[in-house]
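Visitor: Based on what follows, work out the 3D shape:
(chains A and B)
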Amino acid sequence: MNTVTIKFLAFSAILMTATISVVMSLDIEIFEDTTNTLTIFGIVIPLSINMLTMAGAIAIAVITSMVTGKYIHQMKTDTATGKLAEESWDGIGEYKNELPSGWAYTFLGLFIWSMWYGFIGYPINAYSQIGEYNEEVLAYNKKFEHKHKNADEETLKKMGESIFSVQCSQCHGEKGDGLSGRAEDFTQKSTESILKIINEGQNALHSFPGGMPGGMASGQDAEDIAKYVASGFKGTEPPMYAVCGGCHGANGEGVEMVGPRINGFDMKNTLAKGKKGLIGEMPAFNTLITPIQEKALTVYIQSLSN
Amino acid sequence: MFHWLEKNPFFFAAAISIVISFAGLIEIVPNFTQAGRPLIDMKPRTVLEIAGKNVYMKDNCMACHSQMIRPFKSETDRYGAYSLSGEYAYDRPFLWGSKRTGPDLHRIGNYRTTDWHEAHMLNPPLIVPGSIMPAYDHQFVNLADIETAYAEAVTVKNVFHTPYGPEVRRGREAWEAYKPTLIEEARKIASDMKDPRVIEAMKKGDVPEVVALIAYMNSLK
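Guide: Below is the predicted model of the structure:
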């Protein structure tokens, strides 16, 4: 071992000591995290990210010092040997040395790798942004469906509230009040508009060919029904409600393909097909809202009027 | 073989450019021509929609709104399916935009309606609390430049072979013959609107800018 090597080993020791003392002063726990361990010859080494970083830092310090030392030493002592090429450029000659073996093997290795990459690696493992998007969405939807399969009321309401503020509040208002008559008011059902529908009929949801004809109830009966429906089916049921129940269900829960739900806000048909009713036109949201989100929105919107 | 190249710096530079960009060329050019084709069954914008697009450009909507939904879940959840290159095949120029002060508009036609746009253009903060979008009241007064829009349709048909029907062709008579179709289309949209200025203008057979713009918005699907 010559003096230069000793000098550089000493230098790397100083580097390591400096690094370790800085790490110690920063209170970073290097050997504390023992969740993953590696056992070599019976010695248990904790594998934390800090530990690995530390090991890497030490390795870099040692390698740098050794390599620098080697070359500085070589520059001081080495003499050039070999056969000179015949040409001489203004007195500067060139040796006819063999290609350095490390260089040659690296070149060969790169050549083999490039053939593999060009013909197998890239075509088979090619990255696609759309592919990544599809995988992400599939994985997320699976997780989402699994997580919220039997979600409780509170979770659904919270979810519904956030969906509402993104997709619905632009027309129905942040509070769901319909921005003073610009869209459906979710905080209360209006007796007048129900009365209007009873009198004039409506086919806003296209749930049944021809829709609901006007004048199926009139006078006091119609008013009673309107009040009863607007109150959310509270109080005694007016006898004439039976006329409505035929299509909208005995409790106003709606009948598939016949009449929409009226004991609350009909979300299913409205979101799927959109609605052009008394106030204006609402577009369909079938491309933006999934079944679980629809459930969540239903819970949230019904909670606004209670 | 290429000895003469070394004596001609210009051709040498050109040859170097080709060699260096070769891999890029064979990867990018075929992909571009493939993906840039219009989607199957895609129709070019109607003349009224072109007029709306010109209003969109005139009022610089693309300074705040993009028209490009990227394939990220956070974007497709909010705006709908991600955009495809072929969807812009008839857009000259495309209006992707690069700044989203407001939301993306590429599929706005799926989830907003005529009357929403009308109320929103008159007073955005009233509809969307906290919105910093200014009101575009002048669009209810100014008339859309439908003649220029028709000329644009004729031009792109002749120059780029955009598939418009035989009714779109050169000449004043052709325009006069086409105009009722456009007015009819505008009436259909205006029938959902309540602003008296729009109703008045439509009665006279004029098309206010806002009607053309809404036609364009509704066509973004």
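
Visitor: in the chain, what spans have low per-residue confidence?
Guide: With no chain named, the answer covers chain A. Chain A contains residues with pLDDT under 70 at A:1, A:28-36, A:46, A:207-208, A:306.

Visitor: The chain in question should be chain B.
Guide: Looking at chain B by pLDDT under 70, you get B:1.

Visitor: rerun that using 80 as the cut-off
Guide: Within chain B, the ranges that satisfy pLDDT under 80 run B:1-2.

Visitor: Just the helices from it, written as ranges.
Guide: Taking DSSP state H, the helices of chain B run over residues B:3-7, B:9-35, B:47-58, B:73-79, B:108-111, B:114-122, B:124-127, B:146-160, B:172-190, B:196-203, B:209-219.

Visitor: Of the ones you listed, which stretch is the most buried?
Guide: helix B:209-219 (a mean of 27; mean count of other CB atoms under 10 Å in any protein chain shown). For the C-beta atoms, the positions are set from N, CA and C on the backbone; glycine is no exception.

Visitor: Up against chain B, what does the stretch 51-200 of chain A have?
Guide: A:129-130, A:132-133, A:136-137, A:140, A:166-167, A:169-171, A:173-174, A:179, A:182 (CB under 8 Å from any CB of the partner chain).

Visitor: quick revisit: now distance to A:Gly235 too, for the helices of chain B, in CSV please.
Guide: Output for the helices of chain B, formatted as CSV (distance: least, CB to CB, whole Å):
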stretch, distance to A:Gly235
helix B:3-7, 96
helix B:9-35, 62
helix B:47-58, 51
helix B:73-79, 41
helix B:108-111, 38
helix B:114-122, 35
helix B:124-127, 36
helix B:146-160, 57
helix B:172-190, 44
helix B:196-203, 43
helix B:209-219, 44
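
Visitor: possible to save those helices as TSV with distance to chain A?
Guide: Converted to TSV, these look like this (distance: least, CB to the nearest CB, whole Å):
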stretch	distance to chain A
helix B:3-7	21
helix B:9-35	10
helix B:47-58	18
helix B:73-79	5
helix B:108-111	5
helix B:114-122	4
helix B:124-127	6
helix B:146-160	25
helix B:172-190	11
helix B:196-203	15
helix B:209-219	10
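
Visitor: Identify whichever of those helices lies nearest to A:Ala104.
Guide: The closest of the helices of chain B to A:Ala104 is helix B:9-35. By CB to CB, the value is 25.5 Å.

Visitor: Now stretch A:239-250: buried residues?
Guide: Going by neighbour count (16 or more other CB atoms under 10 Å in any protein chain shown), the buried part of stretch A:239-250 is A:Met240, A:Tyr241, A:Val243, A:Cys244, A:Gly245, A:Cys247, A:His248, A:Gly249.

Visitor: From the residues of the stretch 51-200 of chain A next to chain B, which land in helices?
Guide: Secondary structure from DSSP H places A:Gln129, A:Ile130, A:Glu132, A:Tyr133, A:Glu136, A:Val137, A:Tyr140, A:Ser169, A:Gln170, A:Cys171, A:Leu179 of these in helices.

Visitor: Among the residues you listed, pick out the one closest to chain B, please.
Guide: Nearest to chain B among these is A:Tyr133, at 3.8 Å by CB to the nearest CB.

Visitor: what number of residues lie near the closest one?
Guide: The burial count assigned to A:Tyr133 is 17, neighbours taken as other CB atoms under 10 Å in any protein chain shown.

Visitor: Is it in contact with B:Tyr82, as I believe?
Guide: Yes: between A:Tyr133 and B:Tyr82 there is a contact at 7.0 Å, judged by CB atoms under 8 Å.

Visitor: what's the overlap in contacts for those two?
Guide: B:Pro71, B:Phe72, B:Thr76 (CB atoms under 8 Å, 6 or more residues apart in numbering or on different chains).

Visitor: Near the residue nearest to the last one when sequence neighbours are not counted, how many other residues are there?
Guide: Counting by CB to CB, 6 or more residues apart in numbering or on different chains, the nearest residue to B:Thr76 once its immediate chain neighbours are dropped is B:Tyr82, at 5.6 Å. A count of nearby residues for B:Tyr82, using other CB under 10 Å, gives 18.
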